[in-house]
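>>> Got a predicted structure plus its sequence, pasted below:
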Amino acid sequence: MTAPYGTIDPNSQHQIWSRWVFGVEASPDKTPDVKECADNARRYFAKGFKSTVGRVRCDQQGTYYCFVVEIEGPPGHDAEYADSVKQDFVERFMAPGFGPSAELVRFAVGILAGDQQEGQPPDQLLVMPGVSSTARLYTS
């Protein structure tokens with residue numbers, strides 16, 4: 001299908017965008033570089049979720065690392081699936097990367113857009129570029 005603004009994906013009504021948040025308290029003796037963690041997380045989540053669509057962000061404060069993953073596809077509203085992702089993250093990503101005494105101190109999943117399986121019409125996800133608050137908007 002072609003629309004005035006480009007091609008329309010006929011499956012878009014079935015797409016689900018979700019946000020997954022993982023907070024890790026690393027072992028004090030094993031604190032990897034945050035850029036390396038972000039790169040490893042991108043590969044891990046792309047393979048685990050079987051999707052390359054999305055964003056992965058990693059922030060660090062001392063020994064605390066926070067991973068925020070926004071991705072299309074995985075059923076974030078399915079509690080059993082979320083539990084299996086959490087368990088896999090702990091066993092295959094967190095323990096080897098942050099040491100044996102690392103702890104998962106935060107885990108959250110939320111639906112950003114798509115069918116939330118609650119009988120309401122699906123929400124749409126709109127991603128807009130950031131605007132600098134110091135940019136000059138008008139010129140004379």
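It's in.
>>> CA only for contacts and neighbour counts going forward, please
OK.
>>> quick one, what contacts A108?
Contacts for A108 (CA atoms under 8 Å, 6 or more residues apart in numbering) come out as 19-22.
>>> what about 10 Å?
Residues in contact with A108 (CA atoms under 10 Å, 6 or more residues apart in numbering) are 19-23, 68, 76, 82, 86.
>>> before we move on, what about G99?
Counting by CA under 10 Å, 6+ apart, G99 makes contact with 25-31.
>>> The longest strand along the chain pairs with which strands, parallel or anti?
Taking DSSP state E as the criterion, the chain has its longest strand at strand 103-113. Note on strand 103-113: by DSSP bridges, its sheet partners are strand 17-25 (antiparallel).
>>> Identify the residues contacting whatever helix or strand comes next after the strand it pairs with?
Downstream of strand 17-25, the next assigned helix or strand under DSSP states H and E is helix 34-49. For helix 34-49, contacts defined as CA under 10 Å, 6+ apart pick out 31, 50-61, 65-69, 71-75, 85, 88-89, 92-94, 97-98.
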